[in-house]
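Undergrad: Quick one: sequence plus predicted model below, questions after.
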Number of protein chains: 2
Amino acid sequence: MKSKAHSAIGRLLYAQSGGVTAVINATAAGVIQTARAHRVPVYAAHNGILGALREELIDTSKETAAAIAALRHTPGGAFGSCRYKLKSLEANRAEYERLIDVFRAHDIRWFLYNGGNDSADTALKISQLGKAMDYDIRCIGVPKTVDNDLAVTDCCPGFGSVAKYTAVSTLEASLDVASMADTSTKVFILEVMGRHAGWIAAASGLAGEGADAPPHIILFPERVFDEAAFLAKVKATVERVGWCTVVASEGIKNAEGQFLAEAGTRDAFGHAQLGGVAPVLAALVKEKLGYKYHWALPDYLQRSARHMASKTDAEQAYAVGKAAVDYALAGMNAVMPVIVRTSDAPYRWKLEPASLEKIANHEKKMPASFLTRDGFGITPAARRYLSPLIRGEMPPPYGREGLPKYVQLKNAKVAKKLPDFAH
Amino acid sequence: MKSKAHSAIGRLLYAQSGGVTAVINATAAGVIQTARAHRVPVYAAHNGILGALREELIDTSKETAAAIAALRHTPGGAFGSCRYKLKSLEANRAEYERLIDVFRAHDIRWFLYNGGNDSADTALKISQLGKAMDYDIRCIGVPKTVDNDLAVTDCCPGFGSVAKYTAVSTLEASLDVASMADTSTKVFILEVMGRHAGWIAAASGLAGEGADAPPHIILFPERVFDEAAFLAKVKATVERVGWCTVVASEGIKNAEGQFLAEAGTRDAFGHAQLGGVAPVLAALVKEKLGYKYHWALPDYLQRSARHMASKTDAEQAYAVGKAAVDYALAGMNAVMPVIVRTSDAPYRWKLEPASLEKIANHEKKMPASFLTRDGFGITPAARRYLSPLIRGEMPPPYGREGLPKYVQLKNAKVAKKLPDFAH
């Protein structure tokens, strides 16, 4: 029976991992709809891998088809996610064994882990331990991260939508600044996510093209922050254009290797103020150049903005969920569906399975060829890569009250069968 | 001839004033399309009233019909705006006389000033001085402000769209926080515009209804910030719901009357850090309750987010522009088209002219009946008022590259006829 993947023997467990995105639930919809088509029951872990450790499992069969379809346009993580990295097999073998115990207790035969590098590593280890513990489990990684730093895949579901949000917001805010610059704000600074890689900051460059179009300056974590060069470019831009839009990655560092966001501001209690490189840059502009400034820090707004999702991204997010189930039911193990770009113009892509070993714990940086020589902008090569990823709109349906119709699942828990586990 | 308003005798001057909005250009489209239909030529002042003083006038007849139509979905101020309040007639009569001189030189017979309270006052004074200087000029105020603090009118064009952006962003970010709260952020703080009135903060309340739905706490400038009550409510919410979303108006003050945004944080140079009440609140939550926090400050993103415009708002913005021209050509003077609500459900509204004297320099605060007794939420009365204003979607057209197709006008300048004026 086991070889007949389409039979209802065994269950599939789906878990979301790490920071959620505007489209991770589209992946969940792809997983659940595909599994349902094959009559494979799906459990979801509540709050990611912690739910699996705690045996807090959600029976997705209790959700209507309409609710599952609505996941396709609902941001956040519908089953809950978590930031929790399992230690190495040597350091905490008990956690991995617990996972196998939970799988065994609930007849979980396929485990789909939807996350980034860490999650790929965890999925890989579980698949290896299953073999060692003589439990037949297929582990499939499913890509997700707004940071776009996953190896092998051409891009990551989640990134295209935050990229589109960032490009559109840069364009819109710049139109505002341009119209007020004569008597008001001269320098506008938008801080975006990206602690180690500047992919999101780079996407802001799609807002305009040419020296006078916004953003005039992009600050990447891949380059050391050069205060003098930055201030000189701000000044030259204000003098030439009348105003200046700066997009800064939260992760930029000074020559001493300190995060600018931590080096500067202290709060009312004298503590270093985290998560704000924009006010530090704004203070610098004011202090050294005397320009009136404004700054914005959209934070979670950028990665949850499903209303502004990229169609390309939303479709890829769904597709990787579907493919992950197809791979699992075909008997594959320790792989991830990755996006392969077959053409830039017209943009074409396909999915194929890649070994988790090649993905786990790797980090994809932006190629140096994507940054202009002065380090403040993106090159035509970067535009060729980024542009297709923000294409197309797939807005959520709106209700009569003017709000998107986001779904709230029932999230019915499965009865526990095991004793509690201290993790 | 003069009495025949529809003849091409004389020109109409349109100027944008103060902070721009997502839909102020829709008003410009209403003005220009209506005037064109009546064959009345329209000049626009470059950078608001300063352009009128400097005789920097834009000939809108050089723009195509398609470009003017595209204004209807383009944020920012297409002709430039400014923050510049004319002094009183007594203090600087020369400025007012200069305006009349410019109008006379260019045969401006109708002046439409698109702004808030200050602009209504300026338009009123110009209409009075025209009479005194024996120059026949009709002044019409056209309402605009994201702050929604304009007197007489039921609501202000510009507000509904920032209200919708705020409600949707609150909902989306809260879905993100909810899914991560188990191991990550427990308290999310969104700072919104509103220095004196809490209308925008109040609109966030539309994101959810009931004690457990976000936003759990709204901080209004109409209420003194009560640290103990705030912290107690944050704690109770986290313990009950698992997480807490706070929306704070930038203008909240402590019992000493200080802006919280200025009372707390100092930048790297020891200067008070302006425009950030969210980090001050976040630091407080961390210090006193120990919760992990995130905060967002969308700043200009909120008022330029044409991609998320309220259809109600965009339609009203266009309608007030059209009505202003109709009133002007009908010979009215010193009036503003104001929005009159004739029904809450179904929502119905109409425009009627109101005297600028009743509007100039007044400020509309939120009624006390709109705030819950504890001061942290909105009442059913507030929902009844706010809800229709965010209804409906009117997204801009998008181009193949995935960006909205916002228009950039030619803004061809009219040849000057007068000597320079030092203002």
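TA: That came in fine, so what should we check first? Residues are numbered from 1 along each chain as shown, chains lettered A, B, ... in the order given.
Undergrad: Work out for me the element the residue nearest to A:Leu389 when sequence neighbours are not counted sits within.
TA: Distances taken as C-beta to C-beta, 6 or more residues apart in numbering or on different chains place A:Gly160 nearest to A:Leu389, at 4.0 Å, with adjacent residues excluded. Yep, even glycine has a C-beta here, placed from its N, CA and C like the rest. Using DSSP states H and E, A:Gly160 sits in helix A:159-180.
Undergrad: The residue nearest to A:Leu389 and A:Thr312 touch, don't they?
TA: Yes. Counting by C-beta atoms under 8 Å, A:Gly160 does reach A:Thr312; the two are 5.3 Å apart.
Undergrad: quick one: common contacting residues for those two?
TA: Counting by C-beta atoms under 8 Å, 6 or more residues apart in numbering or on different chains, the contacts common to A:Gly160 and A:Thr312 are A:389-390.
Undergrad: the more surrounded of those two?
TA: A count of neighbours by other C-beta atoms under 10 Å in any protein chain shown puts A:Gly160 above the other of A:Gly160 and A:Thr312, at 32 against 25.
Undergrad: Now do the contacts for the more buried one.
TA: A:309-310, A:312-313, A:316, A:389-390.
Undergrad: how about the residues of the stretch 301-423 of chain A that lie near chain B?
TA: A:301, A:303-308, A:310, A:312, A:387, A:390-393, A:395, A:398, A:400-404, A:406 (C-beta under 8 Å from any C-beta of the partner chain).
Undergrad: Number of residues surrounding A:Pro380?
TA: Residues near A:Pro380, counting by other C-beta under 10 Å, number 11.
Undergrad: let me redo that: A:Ser387
TA: 21.
Undergrad: Could you pull up the contacting residues of it?
TA: A:Ser387 neighbours (C-beta under 8 Å, 6+ apart): A:206, B:401-402.
Undergrad: Show me what the least confident helix or strand in chain A by mean pLDDT is packed up against.
TA: Least confident element among the helices and strands of chain A, by mean pLDDT, DSSP states H and E: helix A:260-263 (a mean of 77). Contact here means 3 or more C-beta pairs under 8 Å, 6 or more residues apart in numbering or on different chains; DSSP states H and E; on that basis helix A:260-263 packs against helix A:277-289.
Undergrad: Keeping just the C-alphas, turn the helix it packs on into PDB.
TA: The C-alpha atoms that make up helix A:277-289 are tabulated as PDB, following Å, rounded to 0.1, in the frame of the first residue of the first chain:
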ATOM      1  CA  VAL A 277      18.800  53.600  10.800                       C
ATOM      2  CA  ALA A 278      16.500  56.100   9.100                       C
ATOM      3  CA  PRO A 279      16.400  58.500  12.100                       C
ATOM      4  CA  VAL A 280      20.200  58.200  12.500                       C
ATOM      5  CA  LEU A 281      20.700  59.200   8.800                       C
ATOM      6  CA  ALA A 282      18.100  62.000   9.100                       C
ATOM      7  CA  ALA A 283      19.900  63.400  12.100                       C
ATOM      8  CA  LEU A 284      23.200  63.300  10.100                       C
ATOM      9  CA  VAL A 285      21.600  65.100   7.200                       C
ATOM     10  CA  LYS A 286      20.200  67.800   9.500                       C
ATOM     11  CA  GLU A 287      23.400  68.200  11.400                       C
ATOM     12  CA  LYS A 288      25.800  68.300   8.500                       C
ATOM     13  CA  LEU A 289      23.700  69.800   5.700                       C
END
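Undergrad: got a list of contacts for the next helix or strand after that helix?
TA: Sequence-wise, the next helix or strand downstream of helix A:277-289 (DSSP H and E) is strand A:293-296. Taking contacts as C-beta under 8 Å, 6+ apart, the residues outside strand A:293-296 that touch it are A:169, A:173, A:177, A:185-191, A:278-279, A:281-282, A:285-286, B:275, B:297-301.
Undergrad: On the pLDDT front, check the closest residue to A:Pro75 other than its chain neighbours for me.
TA: Using C-beta to C-beta, 6+ apart and skipping residues adjacent in sequence, the residue nearest A:Pro75 is A:Arg306, 3.7 Å away. You'll see A:Arg306 listed with a pLDDT of 98.
Undergrad: and A:Arg306, what does it touch?
TA: A:Arg306 neighbours (C-beta under 8 Å, 6+ apart): A:22-23, A:73-75, A:161, A:396, A:404, A:406, B:172.
Undergrad: Pull the most distant pair out of the residues you listed.
TA: A:Ser161 and A:Tyr406 (14.7 Å; C-beta to C-beta).
Undergrad: So between those two, which is more surrounded?
TA: A:Ser161 (32 against 22).
Undergrad: which SS class is A:Leu389?
TA: helix (DSSP: H, G, I helix; E, B strand; the rest coil).
Undergrad: how many neighbours does it have?
TA: Neighbours around A:Leu389, by other C-beta under 10 Å: 28.
Undergrad: And for A:Val152?
TA: Using other C-beta under 10 Å, A:Val152 has 18 neighbouring residues.
Undergrad: Is it in contact with A:Ile359, as I believe?
TA: Yes. In this structure, A:Val152 is within contact of A:Ile359 by C-beta under 8 Å, at 5.2 Å.
Undergrad: what sits against A:Thr34?
TA: Counted by C-beta under 8 Å, 6+ apart, A:Thr34 has contacts A:321-322, A:325-326.
Undergrad: Likewise for A:Lys322?
TA: A:30-31, A:33-34.
Undergrad: which residues in chain A form helices?
TA: A:24-37, A:49-53, A:65-70, A:93-105, A:117-132, A:159-180, A:199-204, A:227-241, A:260-263, A:277-289, A:300-304, A:311-329, A:356-359, A:380-386 (DSSP state H).
Undergrad: Identify whichever of those lies nearest to B:Asp344.
TA: The closest of those to B:Asp344 is helix A:65-70. By C-beta to C-beta, the value is 29.1 Å.
Undergrad: what helices or strands is the closest one leaning on?
TA: helix A:24-37.
Undergrad: Show the average pLDDT along the helix it packs on.
TA: Here the average pLDDT along helix A:24-37 is 98.
Undergrad: Okay, buried residues for it please.
TA: For helix A:24-37, the neighbour count (16 or more other C-beta atoms under 10 Å in any protein chain shown) marks A:24-36 as buried.
Undergrad: which intervals of chain A have sub-threshold pLDDT?
TA: Within chain A, the ranges that satisfy pLDDT under 70 run A:1-8, A:263-275.
Undergrad: one more time with 80
TA: A:1-8, A:262-275, A:423 (pLDDT under 80).
Undergrad: related to what we said a few turns ago, if you rank the contacts of A:Thr34 by neighbours, which is first?
TA: Within the contacts of A:Thr34, most neighbours by other C-beta under 10 Å means A:Gly321, with 32 neighbours.
Undergrad: contacting residues for the most far-flung residue of chain A relative to its centre?
TA: Taking C-alpha atoms, centre = their mean, the residue of chain A most remote from its mean C-alpha position is A:Thr183, at 38.6 Å. Contact analysis of A:Thr183 by C-beta under 8 Å, 6+ apart lists B:47, B:50, B:82-84.
Undergrad: now, among the contacts of A:Gly160, which is nearest to B:Ala354?
TA: Taking those together and measuring to B:Ala354 by C-beta to C-beta, the closest member is A:Ala309, at 41.8 Å.
Undergrad: leaving aside the residues next to it on the chain, what's closest to the closest one?
TA: The shortest distance from A:Ala309 to any non-neighbouring residue, by C-beta to C-beta, 6+ apart, is to A:Ser161 (4.3 Å).
Undergrad: I'd like the distance between that neighbour and A:Ala120.
TA: A:Ser161 sits 21 Å away from A:Ala120, going by C-beta to C-beta, to the nearest Å.
Undergrad: neighbours around A:Leu150, how many?
TA: 28.
Undergrad: returning to what we had before: which of the residues of the stretch 301-423 of chain A next to chain B are buried?
TA: Using 16+ other C-beta under 10 Å as the burial test, those include A:301, A:303-308, A:310, A:312, A:387, A:390-393, A:395, A:398, A:402-404, A:406 as buried.
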